[in-house]
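> Structure for the following, please:
(3 chains)
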Amino acid sequence: MKSSALVKWFVSREGLYYLILAALLIVVLPLFLDPFRLNMVGKYLTYAFVAIGLVMCWGKAGILSLGQGVFFGLGGYCMAMFLKLEASTPEATAIQSTPGIPDFMDWNQITELPWFWEPFNSFSFTLLAVIGVPMLLAFIIGVAMFTRRVGGVYFAIITQAIAAILTILIIGQQGYTGGVNGITDLQTLNGWDIRTDEARILLYFVCVGMLFLCLFVARFVENRKLGRILVAMNAQENRVRFSGYDVAAFKIFVFCLAAAFAGIGGAMFTLLVGFMSPSFIGIVASIEMVIFCALGGRLSILGAVYGALLVNAAKSGFSESFPELWPFAMGALFIGVVLAFPNGLAGLYRSYVMPLEDRLFKRNKAPANSLVKPAAAKPAVAKPDAKKTDDYDAMTDTFSPEKS
Amino acid sequence: MFDGYTSSELMSIFAMQGFAGLSLFSVFVLMALGLAIIFGQMGVINMAHGEFMILGAYTTYLTSGFFQSYLPGLFGAYFFIAMVLAFLVCAALGALVEWLIIRRLYHRPLDTLLATWGLSLIMQQAYRSIFGAREVGVDLPEWMMGAIQVTDMVELPINGLFVMVIALSIAVAVYLLMYRSGYGKKVRAVVQNRPMAEAVGINSAGIDRATFALGCGIAGIAGAAFTMIGSTGPSSGQAYIVDTFLVVVFGGAQSLVGTIVSAFGISQAQSTMEFFLSGSMAKVLTLLVVVGILMIRPEGLMALKVRR
Amino acid sequence: MSAARKNSSDFLLAVEGLTVSFDGFKAVDNLSFYLDPKEIRVIIGPNGAGKTTVLDLICGKTKATSGSIKFAGKELTKLKEHQIVHSGVGRKFQTPSVFEDLTVFENLEVSYPKGHSVIGALAFKRDAEVIAAVEEVSATIFLTDVLNESAASLSHGQKQWLEIGMLLIQKPALLMLDEPVAGMSVAERKKTAELLRVITKDHTVLVVEHDMQFVGDIADRVTVMHQGKVLSEGSIEHVKSDPKVIEVYLGH
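Residues are numbered from 1 along each chain as shown, chains lettered A, B, ... in the order given. Sure, this is the predicted structure:
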């Protein structure tokens, strides 16, 4: 983007929303929160990665995946495996019957590092795997399902089954995976101790940085013709197909994108929290990730971030004071969002706050339908540039409650 | 994994596991029938179906306790009363849920999934608050305990047989209801062409409510059966929801016969494998096979070729 | 019209022995017909004759049980839907299926034959070439004034035109229109006939229609279908006076 365009973006409505989020995450929260609570916020943000992915594949393309925990967990496990190997040097594990392998393998009488653990000795491999393994699985699932036109409810249930399968597999093979306790006691990343307060603060900022990176990638995809195709596919799949698009390929793409985001989130989670376990992979965790997206606003990537923050903050709040009430609250949240405000907080914001903003700042904006460009000069006279940049509202989009 | 057994021993093992699988099969059939009615006929996903089953189980538990305290002489018959009560309680709650939530979501199947998941969370927590987090067991009446010795190696548990008889009777009853009764005709009319059905005077909203309630009621009976094979806890229903959906989809969501065949196949496969593999691997393998077959043939085993 | 041809490859579209059966019911039964380039052919017939099914089969929406569909030499029955579109076949559906969430401009832009792969759709730029093409087509379909309106706000007739426009911008060799004037006012029908006459200068058009006056306005030749088979074929006068057709369709 040229510098003048960049400046213009920053003072556009969308740019301001991003600036506010950045200010909140980079300045306000670190200023007021102690390292422990900041770390918790970082943990909430890792779920935001998944939620952003869900905005792309569910909100826009209509593919509801109830198994995003699988990709989150795979990314997390890849990172955990690397960190565990680093913590399991022969010196550190000298008291084991077999030194040099993770402790849980020793407890399970395993005497040799399994072959699939070996590559995770390398940090660069691990980084590739964090994105690559989830994307590969998503690709396989996508090819199997979307080329056969399996979608909607069937697809959702099958993603649930896959989450169940992976959870049972991991728990059952505890010698190789750490079982139900997961991979714990992670200490250093390439020699740097990740358990100290300074490390946690730094990792928080790394997480925020990665989050904005994913936000910009998502925004990029959203604003290209690809983004419009995804939305069109959701509404009129046949028309898209008969306009010459290989619908399956697009669905596979967006599903893999969501998987990649989730994988990054999982890896950040492992770094911030210091362990990874199968409880983040299963059905319950995966559906919870959907509610973050649904509350924030299934069509808004910024909304997804706020949704993840709010729901998790509420969960912690309830757990401290009224633990028995949390499931009721969450259940009510699911039902309420679906029945009362399907566009989530972003939708409410668009309906109630944006008109106020318009009046307050006397912006001469087009009506709420952000996809309607102002019907300005006759198209024949308009320059190409006039149609290029958009007043695309990051927070909102059109949404017909009739579609699901 | 098959070495060390003679072939007659293997046959007996298969037979025993087969009959052990019968109780599981019965629960699957009843759960899947209820779900198939709701999903196959109405396109609605009820993620709280497992919780309705547990409601039936808790109802059975309460009935059992009531009879033990106040009507000990009639304890032998309590199970039949429990089944009826389970059906009524679950059907009533189902009708209420349909009226409050489901009827607003018929054109949004994915959202129905989410809303009913929320309902399942609420129901689970309600069970935790009312009955406690620990699992409760149900005492069987005398006549249900024990087993019939068929051969040297094969024993058939009576409660398993009883529950299977119930499951099959309900299946037959549902089939008759759907295909031989006036109500069934109305349901099929509404499913095939709602505006026309309404135009000829069918109260489609009422039919929807009745059908959803029926599906939940059958889940309640499944819950009563469930008490025969395990103890009941607030989250016990969760374990069955994915399996039940797979059973329904695998059998072809529109076909009741397919549902029964599929329930039989999946439950038998799982319980037979449980003998040879560890419990969790058996489950994983079963799920993998089902998912794999669904990926190859998404419409399930017995679906008719759809006119596109 | 044209001298008899021996070689099926002279035709733009050669349908031979096409059959599709659903659970034993033959919706299309051993059907054969041939389209010349730049011809307007209208298919008429009573409800259930299989007219829409023929269009479905050609564009790939339905898979044939047997038979062949050759388009400019390519065998279409082996291709996937989007490949058929790329071969030059455009299909308009009975109920207008435009993208209501997008503007008229965006609807046409999405149909522009560039950037149809995933990478292509990521890289696609709305350059001068695209804009010119969209403006040109929107003029042909009478929608220049509403280019920036949301497609949802169009009238029924305008949505039909938009969908035709979405086909036109792909520059297909064969346009297939399913009941293009259904639900249109008299004035809109006149305009649509005008539109079709402009289109057929450079395209071959296959239309399914019921409105006999409209058919008379536009057709070069008419194919009458009945129970999945061809009942009669020829100019509209020939078909109108064919006793078989009168008995089945036009007589009452």
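> closest point of the stretch 1-150 of chain B to chain A, which residue?
Closest residue of the stretch 1-150 of chain B to chain A, C-beta to the nearest C-beta: residue B:118 (2.6 Å). For glycine as for every other residue, the C-beta is placed from the backbone atoms N, C-alpha and C.
> I'd assumed residue A:62 was in a strand, is it?
No - using DSSP: H, G, I helix; E, B strand; the rest coil, the assignment for residue A:62 is coil, not a strand.
> Please state the backbone phi and psi of it?
Phi and psi for residue A:62, reported as degrees, to the nearest 10, are phi 80, psi 20.
> likewise residue A:47?
The phi/psi pair for residue A:47 (degrees, to the nearest 10) reads phi -70, psi -30.
> For chain C, what's its nearest residue on the stretch 1-150 of chain B.
Closest point on the stretch 1-150 of chain B to chain C, by C-beta to the nearest C-beta, is residue B:107, at 15.7 Å.
> What is the burial count for that residue?
Neighbours of residue B:107 under the rule other C-beta atoms under 10 Å in any protein chain shown: 12.
> again, but for residue B:72
Using other C-beta under 10 Å, the number of residues around residue B:72 comes to 10.
> Excluding covalently adjacent residues, which one is nearest to the residue in the stretch 151-252 of chain C positioned nearest to chain B?
Going by C-beta to the nearest C-beta, chain B is nearest to residue C:228 of the stretch 151-252 of chain C, at 13.6 Å. Computed as C-beta to C-beta, 6 or more residues apart in numbering or on different chains, the closest residue to residue C:228 that is not its neighbour in sequence is residue C:29, at 3.7 Å.
> mind listing what the one you found touches?
C:19, C:50, C:227-229 (C-beta atoms under 8 Å, 6 or more residues apart in numbering or on different chains).
> Residue C:234 bridge partners, please.
Under DSSP bridges, the beta-bridge partners of residue C:234 are residue C:222.
> Residue ranges in the stretch 51-200 of chain B under the pLDDT threshold?
Scanning the stretch 51-200 of chain B for pLDDT under 70 picks out the ranges B:151-154.
> Which positions in it make contact with chain A?
B:101, B:104-105, B:107-115, B:117-122, B:124-125, B:128-129 (C-beta under 8 Å from any C-beta of the partner chain).
> Tell me the buried residues within the residues you listed.
Taking 16 or more other C-beta atoms under 10 Å in any protein chain shown as the criterion, what is buried in those is B:101, B:105, B:108-115, B:117-122, B:124-125, B:128.
> Just those: which are in strands?
Judged by DSSP state E, strands contain none of these.
> still on that earlier bit, any idea how far the residue nearest to residue C:228 is from residue A:246?
From residue C:29 over to residue A:246 the distance is 32 Å, taken as C-beta to C-beta, to the nearest Å.
> Ok, residue A:343 next?
Going from residue A:343 to residue A:246 by C-beta to C-beta gives 30 Å.
> what's the answer for residue A:353, then?
Distance, residue A:353 to residue A:246, using C-beta to C-beta: 40 Å.
> Between those two, which is the more surrounded one?
residue A:246 (20 against 13).
> what about the residue nearest to the more buried one when sequence neighbours are not counted, helix or strand, and which?
Spatial nearest neighbour of residue A:246, excluding adjacent residues (C-beta to C-beta, 6+ apart): residue C:82 at 4.8 Å. If you go by DSSP states H and E, residue C:82 is part of helix C:81-87.
> What mean pLDDT does the following helix or strand past that helix get?
Going down the chain from helix C:81-87, the next helix or strand is strand C:89-92, by DSSP H and E. For strand C:89-92, the mean pLDDT works out to 92.
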